[in-house]
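[1] Sharing a sequence plus its predicted fold:
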Amino acid sequence: MVKITFQPVSAQKPEKDNDPDKIILPQAHGRLVPIIKPKRPFPLGQCCLVLSLVVFMSGLVLASVYIYRYYFITQQQIPEDSLFHCRVIYEDLVYAPLRGRQELEENVGIYLDDNYEEISVPVPHFGGSDPADIIHDFQRGLTAYHDIALDKCYITELNTTMVMPPRSLWELLINVKRGTYLPQTYIVQEEMVVTGRVRNMRQLGPFIHRLCFGKETYRLRRRSQRQRIERRETKRCHKIRHFENTFVVETAICDRF
């Protein structure tokens, strides 16, 4: 049997032990010294990289949402029962009584969910009227005329006595969709005067903003019947003929005097 003992380490020479079977292990004085590992540096570069990726991904998501909302949704295929190509026969007994019946053609888009109408009037077969794109926004109570010949936009309050709401106009056009002509009707004149330039386009809503973006845009005010009679000889007007009711409307847009 082997006996193991511990002997403290000292400056003095230890006495010899004559026991041949004893193994002596030296023992250090004082406390145990822990092993201290060096600290790793803070991964600042990795944190900056992660933060940059988060910002980039957030911007990418927001950009995707914007593109989907303002481009893809507005340009996606519209159901056939929301688009109409119409021609209407009417009589102009005031300005062209000798011409007899006249024809007006336009494309109509009715957006029931967004509560607005979009009308496109091509170049007419007769003179005296400009091609135009028109938006009636019932949610904001505004009408926008884009005179294609002038490449200018005009904004006015929505006249609900002349413009049928989307649901009513949709029902009217559905009822005559089997034919190519609306019933013969008449024409109504209205006159607008330019009152000033529109600077803030975003207040007009997304539909009118998209129509008039990048174009000179002006506000309009309706003239009374008396004012139209007094200034008939001096006015300079551009006319747009369109229909969004059971009759044709001739909108005369005149400069200020």
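    Nice, I can see it.
[2] Tell me which other helices or strands the host helix or strand of residue 186 touches.
    Using DSSP states H and E, residue 186 sits in strand 181-197. On a contact count with 3 or more CB pairs under 8 Å, 6 or more residues apart in numbering; DSSP states H and E, strand 181-197 meets strand 83-91, strand 152-157, strand 216-222, strand 237-243, strand 248-254. The C-beta positions use only the backbone N, C-alpha and C, and glycine is treated the same way.
[3] Mind putting those into CSV with mean pLDDT, mean neighbour count and distance to residue 184?
    As requested, those are exported to CSV (pLDDT from 0 to 100; neighbours: other CB atoms under 10 Å; distance: least, CB to CB, whole Å):
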stretch, mean pLDDT, mean neighbour count, distance to residue 184
strand 83-91, 88, 16, 5
strand 152-157, 96, 20, 28
strand 216-222, 94, 17, 27
strand 237-243, 93, 21, 12
strand 248-254, 94, 22, 11
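[4] For the nearest residue to residue 174 once chain neighbours are set aside, give its distance to residue 137.
    Using CB to CB, 6 or more residues apart in numbering and skipping residues adjacent in sequence, the residue nearest residue 174 is residue 81, 7.0 Å away. Per CB to CB, to the nearest Å, residue 81 is found 21 Å from residue 137.
[5] Residue 105 now?
    23 Å.
[6] Okay, the residue nearest to residue 174 and residue 178: tell me how far apart.
    13 Å.
[7] rewinding a little: the residue nearest to residue 174 in helix, strand or coil?
    Assigned with DSSP: H, G, I helix; E, B strand; the rest coil, residue 81 falls in the helix class.
[8] how deep is it tucked in, by neighbour count?
    12 (other CB atoms under 10 Å).
[9] same check, this time on residue 108
    Neighbours around residue 108, by other CB under 10 Å: 21.
[10] and if you look at the one 5 residues further on?
    Burial of residue 113, expressed as a neighbour count using other CB under 10 Å, amounts to 7.
[11] before we move on, what about the one 10 residues further on?
    The burial count assigned to residue 123 is 10, neighbours taken as other CB under 10 Å.
[12] Wasn't it part of a helix?
    No - judged by three-state DSSP, residue 123 forms no part of a helix; its state is coil.
[13] ok, what's across the strand from the closest residue to residue 184 other than its chain neighbours?
    Leaving aside its chain neighbours, residue 184 sits nearest to residue 89 (4.7 Å; criterion: CB to CB, 6+ apart). On the basis of DSSP bridges, residue 89 is bridged to residue 103.
[14] thinking again about what came up before, want to try TSV for the helices and strands packed on strand 181-197, with distance to residue 199 as columns?
    Shown next, in TSV, are the helices and strands packed on strand 181-197 (distance: least, CB to CB, whole Å):
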stretch	distance to residue 199
strand 83-91	33
strand 152-157	12
strand 216-222	9
strand 237-243	22
strand 248-254	19
